[in-house]
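Visitor: Structure for this input, please:
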Amino acid sequence: MRNEIYLFNPENDMALANFTPYYKAPSEIIRMANDLSVLPAWYAPEGSTIKVDSLSRVSLWREQCPASDFLPDVIWSAEWENMPYKPWGWSPSLLYTLRKAGVNDSFLLSDMQMGQIRVLSGRQCCVKILESFSRMDGLCGKAMTCNSMTQVKKYITSLERCVLKAPWSGSGRGIMYVSSKEWNDSAEGWVSRVLRVQGEIMVEPLYNKVCDFAMEFYADGNGCVSFVGYSLFDTDAHGNYKGNFLLSDGQIKKILSQYIPDEVFNNVCRTMEESLASLLNKGYCGFLGVDMMICLEDGKYLLHPCVEINLRMNMGVVSHTIFNRYVHCLSHGKYIVKYYSEDGEAWDAFCQMKATYKLHLCDGKLAEGYMPLTPVKQDTHYHAFLLLDRI
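Guide: Residues are numbered from 1 along each chain as shown. Next comes the predicted model:
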């Protein structure tokens, strides 16, 4: 197996929306990339190389890990190595950075491949996917693509409440909730800017969400897409990711089946594999996640099969991989990526959790307690960790 270098670049969604080689990520996103730069070690194959901002961060990570036997067997580099890359996601700005650093083009996407990924990453693709489910019972979910203000206003008038989405934006961003009663100059200005910059905007009904989840897939780059597993996750009121529940696929499905019959999930999974294979063809190779949700409409639980498509590595795949590799089968918990706004807050939380939730192993797997996945310093603002308990 050839050695590949893994990179956590969380600015990818915004860089893809900007779609220029010269995009500069906000300082807070750069901080996130640095604070969590060791994260790929937990999902990359053994023997992979992990690109970090500083090797001193790796040393600290080794010191702080309460279970040294669980440190992944990977190679570390703070340089832009001339080798094949496996980033969190691809964008023109990343390609520019790698080319400028001297990475051979044979290890990178071509500009044509990059253009394909940009098109396939647009929220417009949800419209095509949802068409595949139009005749399936037990589902909800509609999405309309608009290219004029007249179209937008028409749909808003016909819907009680709706969600407006920019075709390309960062996770949890580029979204506005609105109704015809709430429509004002500010909303119209935002829609005008999206239409001017991106040419289109998405309009979707606002559903009564009960819970978020996702199905994770892998595309082999040759037209085949296969199901990887389930992801059950938390978001805040603004749709920002908070964390994943660490559970087996069977346990997640058992929770979801309280609302929706097993047969519906099986049918959706099969249809999604076929629809994604048709959509992606040979245009993408790698992991991807399809965000879904269970909704309560007119007293009946329905499954929305395609809220978002994340055409990149995502936290659902990370948590799924960590659970299968490292967590005991009789344990459960949460995979959390937490933001701390002030210096010292992450350090205080780290010390408190380490003292309060002692880590315990069982049969050589993580069973109970706090497991830091990324190192923490006084100036750390982003921290990824596990909190585990026995079932």
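Visitor: SS state for the closest residue to Thr157 other than its chain neighbours?
Guide: Nearest non-adjacent residue to Thr157, counting by C-beta to C-beta, 6 or more residues apart in numbering: Ser180, 5.2 Å away. Just so you know, the C-beta spots here come from the backbone N, C-alpha and C atoms, and that holds for glycine as well. What DSSP: H, G, I helix; E, B strand; the rest coil gives for Ser180 is coil.
Visitor: For Met202, see how far away Ser180 is.
Guide: Using C-beta to C-beta, to the nearest Å, Ser180 is found at 17 Å from Met202.
Visitor: and the host helix or strand of Leu120, which residues are buried?
Guide: For Leu120, the element it lies in under DSSP states H and E is helix 111-121. By neighbour count on 16 or more other C-beta atoms under 10 Å, the buried set for helix 111-121 is Gln113, Met114, Gln116, Ile117, Arg118, Leu120, Ser121.
Visitor: Quick one: those residues as JSON lines, columns for distance to Gln64 and pLDDT too.
Guide: What follows is the buried residues of helix 111-121, written out as JSON lines (distance: C-beta to C-beta, whole Å; pLDDT from 0 to 100):
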{"residue": "Gln113", "distance to Gln64": "39", "pLDDT": "96"}
{"residue": "Met114", "distance to Gln64": "37", "pLDDT": "96"}
{"residue": "Gln116", "distance to Gln64": "41", "pLDDT": "96"}
{"residue": "Ile117", "distance to Gln64": "36", "pLDDT": "96"}
{"residue": "Arg118", "distance to Gln64": "38", "pLDDT": "95"}
{"residue": "Leu120", "distance to Gln64": "39", "pLDDT": "96"}
{"residue": "Ser121", "distance to Gln64": "35", "pLDDT": "96"}
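Visitor: for the stretch 101-250 of the chain, what are the low-confidence residue spans?
Guide: The stretch 101-250 of the chain contains residues with pLDDT under 70 at 171-172.
Visitor: What segments of it are helices?
Guide: Per DSSP state H, counting those that start in this stretch, the stretch 101-250 of the chain carries helices over the ranges 111-121, 124-131, 149-158, 185-198, 249-256.
Visitor: Any idea how far the last one is from the middle of the chain?
Guide: Relative to its chain's centre, helix 249-256 lies at 20 Å (C-alpha atoms, centre = their mean, to the nearest Å).
Visitor: How about it, which residues are buried there?
Guide: Asp249, Gln251, Ile252, Lys253, Leu256.
Visitor: Adjacent strands (with direction) for whichever strand or helix holds Met293?
Guide: Element membership for Met293, per DSSP H and E: strand 285-297. In the sheet, strand 285-297 lines up against strand 209-220 (antiparallel), strand 300-310 (antiparallel) (DSSP bridges).
Visitor: Do me a favour and average the pLDDT over it.
Guide: The pLDDT scores in strand 285-297 average 97.
Visitor: still on that earlier bit, show me which pair in the buried residues of helix 111-121 is furthest apart.
Guide: Gln113 and Ser121 (12.4 Å; C-beta to C-beta).
Visitor: Quickly note the distance from Pro66 to Leu373.
Guide: Pro66 is 12 Å from Leu373, by C-beta to C-beta.
Visitor: If you could redo that for Leu302, that was the one I meant.
Guide: Counting by C-beta to C-beta, the gap from Leu302 to Leu373 is 35 Å.
Visitor: Please work out how many residues are found near the residue nearest to Thr157.
Guide: Using other C-beta atoms under 10 Å, Ser180 has 14 neighbouring residues.
Visitor: Ramachandran coordinates for it?
Guide: phi -60, psi -30 (degrees, to the nearest 10).
Visitor: How about the one 3 residues further on?
Guide: When quoted as degrees, to the nearest 10, the phi and psi of Trp183 stand at phi -60, psi 130.
Visitor: Now it: closest residue in space, sequence neighbours ignored.
Guide: Nearest one to Trp183, counting by C-beta to C-beta, 6+ apart, is Ile156 at 6.4 Å.
Visitor: ok now do that neighbour, which residues does it touch?
Guide: By C-beta atoms under 8 Å, 6 or more residues apart in numbering, the residues touching Ile156 are Cys162, Val178, Ser179, Ser180, Trp183, Val203.
Visitor: wait, which of these is closest to Ala346?
Guide: Val178 (35.8 Å).
Visitor: Mind splitting this structure into its structural domains?
Guide: According to automatic domain parsing, the chain comprises the domains 1-121, 122-139+207-317, 144-205.
Visitor: got those domains as a markdown table, with distance to Tyr357 columns?
Guide: Output for those, formatted as a markdown table (distance: least, C-beta to C-beta, whole Å):
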| stretch | distance to Tyr357 |
| --- | --- |
| domain 1-121 | 10 |
| domain 122-139+207-317 | 14 |
| domain 144-205 | 28 |
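Visitor: Would you mind saying which of those domains lies nearest Thr380?
Guide: domain 1-121 (5.4 Å).
Visitor: how distant is that closest one from the center of its chain?
Guide: That offset, for domain 1-121, works out to 15 Å (C-alpha atoms, centre = their mean).
Visitor: just stretch 378-386 next, same as before
Guide: That offset, for stretch 378-386, works out to 18 Å (C-alpha atoms, centre = their mean).
Visitor: The spatially closest residue to Val152 that is not a sequence neighbour and Val203, how far apart?
Guide: Distance criterion C-beta to C-beta, 6+ apart; nearest residue to Val152, sequence neighbours excluded, is Cys146 at 4.8 Å. Between Cys146 and Val203 the computed distance is 6 Å (C-beta to C-beta).
Visitor: try Ala187
Guide: 12 Å.
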